[in-house]
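Colleague: I'd like to go over a predicted model; first the sequence, then the structure.
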Amino acid sequence: MLKVQVDSFGYRDQTILKDISFEVAPGEHVALMGESGSGKSTLLKIIYGLLHVEEGSVFWDDMEALGPNFNLVPGEPYMKYLAQDFDLMPFISVEENVGQFLSVFERETHEERINELLDLIEMKPFAKTKVKYLSGGQQQRVALARVLAQEPEILLLDEPFGHIDNFKRNSLRRNLFLYLKKQGVTVLTASHDPSDVLPFAERTLILEQGQIIANENTQELYKRPPNYYTASLFGQVNKVPMKLLKSYSEIDRSILVYPHEFKFSDSSGLKVEVIHSFFKGSHHLNEGVADDGTVIFFNSNKKQEKGVTIFLNVSLETINRRLQVGQKTNT
Ligand SMILES: Nc1ncnc2c1ncn2[C@@H]1O[C@H](COP(=O)(O)OP(=O)(O)OP(=O)(O)O)[C@@H](O)[C@H]1O
């Protein structure tokens with residue numbers, strides 16, 4: 001079990017993290033989401049031992065991970081960290097960069113293992129290429145193979161696909177996360193991208209201004225987001241007054257509705273006038289405005305013409321689900 005406790009951490013006199021406390025079970029994949037500057041990288045650096053924390057501790061079972069004030073070379077042997085800036089050797093080849101970290105006691109399997117890792121990151125054709133000739137995205141993939149070569153028990157990933165284009169990103173994240181699951185590696189991934197998180201992380205931590213405001217099963221968090229900030233990390237979301245959705249409603253509050261949760265109706269429901277219709281490939285994302293000026297984003301299969309009036313409904317199941325959350329926390 002990874003146990004992280006950070007009572008307080010700051011750079012100079014500015015507090016960045018406060019009252020952080022969470023655990024990650026062996027083999028579990030946990031995502032860390034939060035807006036830019038919320039403290040994700042700082043938290044990963046503390047866990048890995050790059051930053052010293054006065055008030056707090058990091059344990060892997062009963063072993064304490066010690067910070068830079070205790071370790072000359074940061075990090076513990078059972079844990080690896082893939083930073084946003086990758087630490088590669090530019091003048092040697094891709095295969096040498098990866099092979100450098102394989103155990104000297106298993107020389108006879110080196111070639112096979114390098115091939116397996118290069119296959120995973122889809123870089124076999126570049127095995128003999130010097131790293132300095134690679135693009136940023138290719139270097140990020142090599143950095144990934146390098147940390148995997150070290151067979152960590154815990155892997156900390158900081159925006160692991162940040163430099164990788166969409167073309168490679170989809171297959172790479174599938175290959176990588178399924179591989180890590182199969183190997184039983186404990187994973188903590190910091191990301192802004194819901195596609196890194198929703199299909200792969202069993203649990204998600206939400207960081208807002210240095211504090212964990214949610215720590216829940218990922219699917220539950222998506223279906224019942226405790227607040228607008230959390231839901232908006234998963235994509236576009238609306239905060240809709242109940243009175244706009246159901247004119248007879250006595251409930252004086254708003255609920256969160258994702259654009260795909262609106263259904264079209266012929267003549268009743270939330271009336272909006274279309275302002276824009278954005279082509280998104282599989283659907284259109286439309287921006288509309290209600291009579292009281294509330295801006296609503298909703299999906300449709302076809303382009304909606306500017307100025308057209310549309311009636312939108314949300315299922316009672318979705319409304320009830322969102323109202324339940326509101327009883328526990330303020331939306
Ligand atoms: N070395 C540093 N010295 C001083 N302040 C720093 C340092 N590193 C980060 N910060 C500040 O700490 C805060 C949190 O930064 P951090 O990089 O942890 O956020 P983040 O959530 O990972 O952001 P991003 O998603 O953009 O990578 C920011 O306000 C940042 O400016």
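Modeller: On my side now, so go ahead. Numbering: from 1, shown residues only.

Colleague: Show the residue spans covered by the helices in the chain.
Modeller: Along the chain, counting by DSSP state H, helices occupy 40-48, 94-99, 110-120, 136-149, 166-183, 194-197, 218-223, 228-233, 242-245, 316-328.

Colleague: I'd like the distance between the residue lying closest to L51 once chain neighbours are set aside and I121.
Modeller: Using Cβ to Cβ, 6 or more residues apart in numbering and skipping the chain neighbours, the partner closest in space to L51 is K45 (4.7 Å). The way it works is simple: take the backbone N, C-alpha and C, and place the C-beta from them, glycine included. Remark: distance between K45 and I121 (Cβ to Cβ, to the nearest Å) = 24 Å.

Colleague: mind checking how far whichever residue of the stretch 201-331 of the chain sits closest to the ligand is from K303?
Modeller: Nearest to the ligand in the stretch 201-331 of the chain, going by Cβ to the nearest ligand atom, is L207, at a distance of 6.7 Å. Between L207 and K303 the computed distance is 37 Å (Cβ to Cβ).

Colleague: Ramachandran angles for I121?
Modeller: Main-chain torsions, I121, degrees, to the nearest 10: phi -90, psi 10.

Colleague: Export stretch 271-278 to CSV, keeping only CA atoms.
Modeller: Taking C-alpha atoms only, stretch 271-278 is exported to CSV below (Å, rounded to 0.1, in the frame of the first residue of the first chain):
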residue,chain,number,x,y,z
LYS,A,271,-36.1,26.4,-24.6
VAL,A,272,-32.9,27.6,-26.1
GLU,A,273,-31.9,29.7,-29.2
VAL,A,274,-28.9,28.3,-31.1
ILE,A,275,-25.9,30.7,-31.3
HIS,A,276,-23.2,28.4,-32.6
SER,A,277,-22.9,24.8,-33.9
PHE,A,278,-19.4,23.3,-33.7
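
Colleague: Quick one: mean pLDDT over that stretch.
Modeller: Mean pLDDT, stretch 271-278: 96.
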